[in-house]
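A.B. asks: could you work out the structure for the sequence below:
(4 chains, ligands or ions: 4)
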Amino acid sequence: MSLLGRVDIDPEKLERATGLYRIIDEEGRVVGEFPDIGDEVLRDLLHYMIRARVLDEWLLRLQRMGKVAIHAPNKGQEAIVGAVYPLRPEDWVFPSYRDLGVYLVRGMTEEEILDRALYNRDDPLRGSDFAIYGHRKYNMIPTPVPVGNQIPHAVGAAYAMKYRGLDTITMVMFGDGATSRGDFHAGLNFAGVFKTPTVFVCENNQWAISVPLKRQTRAPTIAFRALSYGVDSIRVDGNDVVAMYKTAIDAITQARRGEPFFIEMVTYRLGSHTTADDPSRYRSEEEVKRMERYEPLRRLRKYMEEHGYLREGEYDEIYKMYYDHVEKAAREALEKPPLPEDVFFENVYGDKIWVLELEKEEFYESLGIMKELGLEVE
Amino acid sequence: MSLLGRVDIDPEKLERATGLYRIIDEEGRVVGEFPDIGDEVLRDLLHYMIRARVLDEWLLRLQRMGKVAIHAPNKGQEAIVGAVYPLRPEDWVFPSYRDLGVYLVRGMTEEEILDRALYNRDDPLRGSDFAIYGHRKYNMIPTPVPVGNQIPHAVGAAYAMKYRGLDTITMVMFGDGATSRGDFHAGLNFAGVFKTPTVFVCENNQWAISVPLKRQTRAPTIAFRALSYGVDSIRVDGNDVVAMYKTAIDAITQARRGEPFFIEMVTYRLGSHTTADDPSRYRSEEEVKRMERYEPLRRLRKYMEEHGYLREGEYDEIYKMYYDHVEKAAREALEKPPLPEDVFFENVYGDKIWVLELEKEEFYESLGIMKELGLEVE
Amino acid sequence: MPVMNMVQALNTALREEMERDDSVVVLGEDVGRRGGVFLVTEGLIDIFGEERVIDTPLTELGIVGFAIGMALNGLRPVAEIQFIDFVYEAFDQIVSNAAKIRFRTGGMYNVPLVIRSPCCGGIKGGMHHSQSPESYFIHTAGLYTVMPSGPYDAKGLLKSSIRLDDPVIFLEPKSIYRTVKEEVPEEDYTIELGKAKKVLEGGDVTVVTWGAMVHMVKSAAGLLKDKLGAEIEVIDLRTLFPFDKDMIVESLEKTGRLVVVHEAPKTLGLGAEIAAFIAEHHPELLYGPIIRVTGYDTPFPLAHEKLYMPNIARLYLAVKKVLEY
Amino acid sequence: MPVMNMVQALNTALREEMERDDSVVVLGEDVGRRGGVFLVTEGLIDIFGEERVIDTPLTELGIVGFAIGMALNGLRPVAEIQFIDFVYEAFDQIVSNAAKIRFRTGGMYNVPLVIRSPCCGGIKGGMHHSQSPESYFIHTAGLYTVMPSGPYDAKGLLKSSIRLDDPVIFLEPKSIYRTVKEEVPEEDYTIELGKAKKVLEGGDVTVVTWGAMVHMVKSAAGLLKDKLGAEIEVIDLRTLFPFDKDMIVESLEKTGRLVVVHEAPKTLGLGAEIAAFIAEHHPELLYGPIIRVTGYDTPFPLAHEKLYMPNIARLYLAVKKVLEY
Ligand SMILES: Cc1ncc(C[n+]2csc(CCOP(=O)(O)OP(=O)(O)O)c2C)c(N)n1
Ligand SMILES: Cc1ncc(C[n+]2csc(CCOP(=O)(O)OP(=O)(O)O)c2C)c(N)n1
Ligand SMILES: [Mg+2]
Ligand SMILES: [Mg+2]
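C.D. replies: Ligands and ions are numbered 1, 2, ... in the order given. Okay, the predicted model is just below:
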């Protein structure tokens, strides 16, 4: 504590927080130092991104069919898979609702995702909420729908890991809109103060529903905001999956050493906010067209084709393979019966409490009456 | 919106936010460019600071006598008067609870402050809460006790002023601890996004009760944090009232032009957090001793004595004059009768509502019973 | 008279109040170009500009805290919370400030603020797009809480709320935003806060309810008459705090039997206060038990929401019980 | 057996639980060296170090959000809110997460979290150091709410709360932190949540209460006997949700008369639920009205708090009314 001193800012940190790290540009050209990643990783990343896009399309279709309550498209943001790929299974992920690729990288199958989306009998979240995904067996915590709530959780869980002497870390995803919430503020601040092993990934897709970034914050960059909590950060071209992957490796390494790290993933939401949204009200087709050029799959494909990782037609084959897979999975998931009628009395408390036992009695009585009187409620 | 660009930080803004602006050092020596302020202003600042200190002592005494519920000493932070002094009466101030000097500069008299502290019949806040001060006639809004709540209010009120075409501004004070709250985050962010005419003054006194600054935040400086909201800022030696005054003039000018400004006032809380606190549990006597050297009245006095603004003995005379004044005022305030017994039914709603009318009936009945049975409740 | 749905009626009320009074401003997430996710603020930005129809950053605490500041300085903000389920970040600002500033300042300042928000279930919204959290506000001294059940009331009540000098939590049952249509006068009119509306006359059982449940209850009247021979008298509370005790008492003088229906969870739902009020002040009016048909004491589920919510079968059971006692 | 006050009993409970189980950690503002502003955590930092007794930045949202994360990952955090009046910034984290994570995740995750905090009036704390906001939590499915009235219960209930696998709001009436002293066993013991305690036997009127009001009510028993000839039976609820309905019903079977006393404002205070529960399920047990003696529906005042709070005169009036009916 000093009343006299001045405080120096590390210019390198400032540079990373305000520059833009990229390796493959929008035309698939290498513009940064290409990291030494194996062919397999590159193919994996491609496959995950394609799977995410295919699944996205299917969820949109199922929503239009009235089978899925709501879906938040992730088209354009598939390079998030690069951030998750280097994690260990024991690490914990707190995803956002727009993270199909994340769920897949963590090991969730299309089948499991569909059971969830359709909240059928096999829904592990027992019909609790829409558009959220996760599972204990993948160490992926289903996200709360209130934007940003998961951020302090990820910090607290990381503290617990450190406290327990584990060498695991947590990673948490959220949007640019989430940075305005108290949860973001508290989460970043606690991470800075307690030096928790947490990697923050802000998927800055330029929009929070209809609110553009400049209406969300006048921060020079979101990565700069992170510095103001004493959390190191980087601003990355979030449509460049290789840059995301490389960044994540460094971030995860730093977190595992017990220092938080913040990734601003600069990307763009190509689709609507959710299936309930109508973006034509607030942004131009022309903007979206312009941004399509930057989208992550296009450039990875270009790069891989030009560098001989993909032969002609192979991309389409892969795409078709996953498409067929999801089609079959969707058919099966749709055929499964619904959850039991009294499912919502489960998992409110660990122990039985009389209040709910009494209410259950009334509930079963009401089911009886429905039958008796031939009432259709649902 | 660009996926490609880098963002440049203005090095001058960075410098102001991480340096330390001062004019008079702890020995009363001029170390910066002395602004062209008249003798009168200097004397005024001195008088306000002395009045604040005298009143502080008296409130401590009255608290020990059991007359005042609680008091938050402001010893060491009196240079805050420099921030308020250049405001116009029509500007709005949202003070903190530790701002005796602020209340005085705004025009509240010692008499009025004592009526409030003792919540006697003339208490304008009608016995609502402890340790808060303010009055509509001084355009000073009594602060909410939950730390930081007033920050977004000051921003919203400033928006209203701009919207209504007024050329007034708002100024809001809060501590270093308050910077951790959601209210701070939202307030700063809204000020940045909406460019409200607001001056923020963070009285960074190094402690939030027992929590030292480094446990509160790892921000390089609090003024740096402000930049991360797109709000210009400066870090000032907050024990140098002339630096505070000069800074405020610039800040207010900028705000009146419609741009928010943030002042980090680097100071030190010499007393206990409040009269309910026991700082010996968490900080050393030695630290406090060391910091006494930096306190604002000592240095202003030194400067003024050495530069011929104060003759020998004059400081003590001024001090005595205010002391006697408060002594008399306290005696009078103590003699005033208490607020009416049913005062708490006032000002809940603007209109009468049956719920409270019914409860009032029961209340008066209970007063009757107390008399009847000779019960002493209070 | 034009026929409107509730969204149109609310939109009209906002527009008219903004035309009447420059100090009325609208703010919230996506209220501008987007017109709100339910389009209640649609088109306002074109008429009044973005200084008066303000898209805010994504923080409910910020929206309400900022709006309180506006209200202190002479504006009459109407803040939209995108879904009431997201209001909790703002709870401190509502409970500690909006509700208490008049008291704290000895009446020197007041907060003419309306917080309006879609509420309640019925659209497969799951845990965080379906809640009915009125109890939190009703328990908080210093607030009014209002919930209209149709377009006519929506317009009149919103206007009264905007003109009131105290904060109002204005809850809009989203499931009936577009399903209920009514004639709504083009003229200016207001509806007094604190007054309920009798929506069905009947001599056997008083059913007190509000919001979308008004329609569920009304739709059950025929069945209840047929199967149980009971004529229900249905009271739409409209203002939840302070609620219209007089209309309830008057009806009970006739029926002696009370059922309260609401979507909020049972424990300390407003039904509890209504029952307790009667049990405290008018026990002599009752023949038997006061039955509450409510949301269960669980989070609001995505699966089987229609079974979770009060429905005709559950109302039937309740009416049967009060009749049989 | 040592005689302790409530602060000492709570401090002992924390220490013993931390000794028993490494996963128990304490966090909050000023809980470390300062020992909490009421010294409930005094000395713990010396024994367990600052990784386990964690001074946090000044944000209730942060404290609770961070603690939830800890609880998800295997710890059993005991989070202190310095005064419960400041909990509202954390309301979203409590209502949307602590209370709902078990449900949201289909039971895959749960939140063993205790939020403990000084509550209630009686120390001239004014608007923001005196509140009794239990209703907000009781209305929220997924939480337990507890309020002890003395050292023995405080220790046993806190231990049960810490060992529970669900979140508990643990409210400590600060006015009796040091005034009530009792023998408190040095051994480990727990008190089952959900069980009330009969603190006075009597045949005429059942008085249900909790927290500091237990002592006010007990102190009035003599006067009530003298002046009204009434023997009151006093039930200390201890757990406010789920409350011990059985003990209340059993007592009412004897007395037929019910008064509920609590500090929280009347409208939708827990008294309303207790009254409504009886009115719904056991109307036959009642002779007359159920009277509630409570805080008024105003903010908690600094001036004349003893007149604002339930007091002997107000209890006298209530008992008189239920007897005279
Ligand atoms: C607390 C809260 N307020 C409002 C909403 C409604 N809402 C859902 S997503 C969203 C925008 C989120 O934007 P951002 O954080 O940028 O994420 P993105 O959707 O762009 O991925 C809003 C306002 C919500 N879910 N939670
Ligand atoms: C929301 C809230 N939490 C906790 C408190 C209790 N409290 C009062 S002042 C204070 C510390 C404030 O520190 P800071 O903001 O630095 O201001 P200072 O007292 O140092 O002037 C705390 C924790 C409070 N008043 N409000
Ligand atoms: Mg976004
Ligand atoms: Mg401080």
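A.B. asks: which single residue of chain A ends up nearest ligand 1?
C.D. replies: For chain A and ligand 1, the shortest gap (CB to the nearest ligand atom) falls at residue A:175, measuring 2.2 Å. (C-beta placed from N, C-alpha, C; glycine too.)
A.B. asks: buried stuff in stretch C:170-181?
C.D. replies: When burial is assessed from 16 or more other CB atoms under 10 Å in any protein chain shown, stretch C:170-181 yields the following buried residues: C:170-177, C:180.
A.B. asks: list of residues touching that stretch?
C.D. replies: C:3-7, C:10, C:38, C:40, C:83-84, C:114-123, C:125, C:132, C:134, C:145-151, C:154, C:157-158, C:161, C:211-212, C:215 (CB atoms under 8 Å, 6 or more residues apart in numbering or on different chains).
A.B. asks: swap the cut-off to 7 Å and go again
C.D. replies: Contacts to stretch C:170-181, defined as CB atoms under 7 Å, 6 or more residues apart in numbering or on different chains, come from residues C:3-7, C:10, C:38, C:84, C:114-123, C:134, C:146-147, C:150-151, C:158, C:161, C:211-212, C:215.
A.B. asks: buried members of the residues you listed into ChimeraX, please.
C.D. replies: Here is the ChimeraX command that selects only those of those that count as buried (16+ other CB under 10 Å):
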select /C:4,5,6,7,10,38,84,114,115,116,117,118,119,120,121,122,123,134,146,147,150,151,158,161,211,212,215
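A.B. asks: what's across from the residue of chain A closest to ligand 1 in the sheet?
C.D. replies: Per DSSP bridges, residues listed as beta-bridge partners of residue A:175: residue A:203.
A.B. asks: what about it, how many neighbours?
C.D. replies: Using other CB atoms under 10 Å in any protein chain shown, residue A:175 is surrounded by 26 other residues.
A.B. asks: also residue C:156?
C.D. replies: By other CB under 10 Å, the residues close to residue C:156 number 21.
A.B. asks: check the gap between it and residue C:197 for me.
C.D. replies: Here residue C:156 is placed at a distance of 11 Å from residue C:197 (CB to CB, to the nearest Å).
A.B. asks: what residues are shared contacts of those two?
C.D. replies: With CB under 7 Å, 6+ apart as the test, residue C:156 and residue C:197 reach no residue in common.
A.B. asks: count of neighbours near residue 284?
C.D. replies: By default, I'm working from chain A. Neighbour count of residue A:284, defined by other CB under 10 Å: 10.
A.B. asks: not what I meant, chain C
C.D. replies: 12.
A.B. asks: quick one: pLDDT of it?
C.D. replies: Listed pLDDT for residue C:284 reads 95.
A.B. asks: ok, and of the contacts of stretch C:170-181, which contact ligand 4?
C.D. replies: Filtering the contacts of stretch C:170-181 for proximity to ligand 4 by CB under 5 Å from the ion leaves nothing.
A.B. asks: restrict the contacts of stretch C:170-181 to contacts with chain D.
C.D. replies: The overlap between the contacts of stretch C:170-181 and the neighbours of chain D (CB under 7 Å from any CB of the partner chain) is empty.
A.B. asks: in strands, which of the contacts of stretch C:170-181 fall?
C.D. replies: Judged by DSSP state E, strands contain the following of those: C:3-5, C:114-119, C:146.
A.B. asks: what is the most widely separated pair among the residues you listed?
C.D. replies: Spatial extent of the ones in strands among the contacts of stretch C:170-181 (CB to CB) is set by the pair C:3 and C:115 at 28.3 Å.
A.B. asks: stretch A:213-228: end-to-end distance?
C.D. replies: Stretch A:213-228 has an end-to-end distance of 19 Å (criterion: CA to CA, to the nearest Å).
A.B. asks: one more: stretch C:226-240?
C.D. replies: With CA to CA, one end of stretch C:226-240 sits 31 Å from the other.
A.B. asks: do stretch C:35-45 as well
C.D. replies: End-to-end span of stretch C:35-45 (CA to CA): 8 Å.
A.B. asks: near ligand 1, anything from that stretch?
C.D. replies: No - against ligand 1, stretch C:35-45 shows no contacts by CB under 6 Å from any ligand atom, the least distance being 7.7 Å.
A.B. asks: need the residues that contact that stretch.
C.D. replies: So stretch C:35-45 is contacted by A:276, A:281, C:7, C:10-11, C:14-15, C:18, C:26, C:30-33, C:53, C:80, C:82, C:118, C:174, C:177 (CB under 7 Å, 6+ apart).
A.B. asks: same question for stretch A:40-59.
C.D. replies: Residues beyond stretch A:40-59 that count as contacts (CB under 7 Å, 6+ apart) turn out to be A:68, A:71, A:73-75, A:78-79, A:81-82, A:85, A:100-101, A:104-105, A:110, A:113, A:117, A:241, A:245, A:296-297, A:300, A:304, A:309, A:318-319, A:322-323, A:326, A:330.
A.B. asks: distance of residue A:53 from residue A:209?
C.D. replies: For residue A:53 relative to residue A:209 (CB to CB), the value is 22 Å.
A.B. asks: sorry, that was for residue A:178
C.D. replies: With distances taken as CB to CB, residue A:178 is found 12 Å from residue A:209.
A.B. asks: which one of these two is surrounded by more residues?
C.D. replies: residue A:178 (25 against 21).
A.B. asks: thought that one was touching residue A:149?
C.D. replies: No - in this structure, residue A:178 is not within contact of residue A:149 by CB atoms under 7 Å, at 9.1 Å.
A.B. asks: what's the domain layout of chain C?
C.D. replies: C:3-183, C:197-324 (automatic domain parsing).
A.B. asks: got the end-to-end distance for the shortest one?
C.D. replies: By CA to CA, the extent of domain C:197-324 from end to end equals 27 Å.
A.B. asks: can you tell me if it touches chain B.
C.D. replies: Yes - Domain C:197-324 is in contact with chain B by CB under 7 Å from any CB, via C:242, C:245.
A.B. asks: to what extent is the residue of the stretch 1-150 of chain A found nearest ligand 3 buried, counted in neighbours?
C.D. replies: Relative to ligand 3, the nearest point of the stretch 1-150 of chain A is residue A:98 (8.3 Å; CB to the ion). Using other CB under 10 Å, residue A:98 has 27 neighbouring residues.
A.B. asks: do residue C:226 as well
C.D. replies: Neighbours of residue C:226 under the rule other CB under 10 Å: 10.
A.B. asks: wait, a helix at it?
C.D. replies: Yes - if the criterion is DSSP: H, G, I helix; E, B strand; the rest coil, then residue C:226 is within a helix.
A.B. asks: how far away is it from ligand 1?
C.D. replies: Applying CB to the nearest ligand atom, to the nearest Å, the value for residue C:226 to ligand 1 is 43 Å.
A.B. asks: what does the pLDDT read for that residue?
C.D. replies: For residue C:226, pLDDT reads 97.
A.B. asks: do the same with residue A:5
C.D. replies: 81.
A.B. asks: separation between the nearest residue to it once chain neighbours are set aside and residue B:174?
C.D. replies: Nearest non-adjacent residue to residue A:5, counting by CB to CB, 6 or more residues apart in numbering or on different chains: residue B:20, 6.9 Å away. Distance of residue B:20 to residue B:174, computed by CB to CB: 20 Å.
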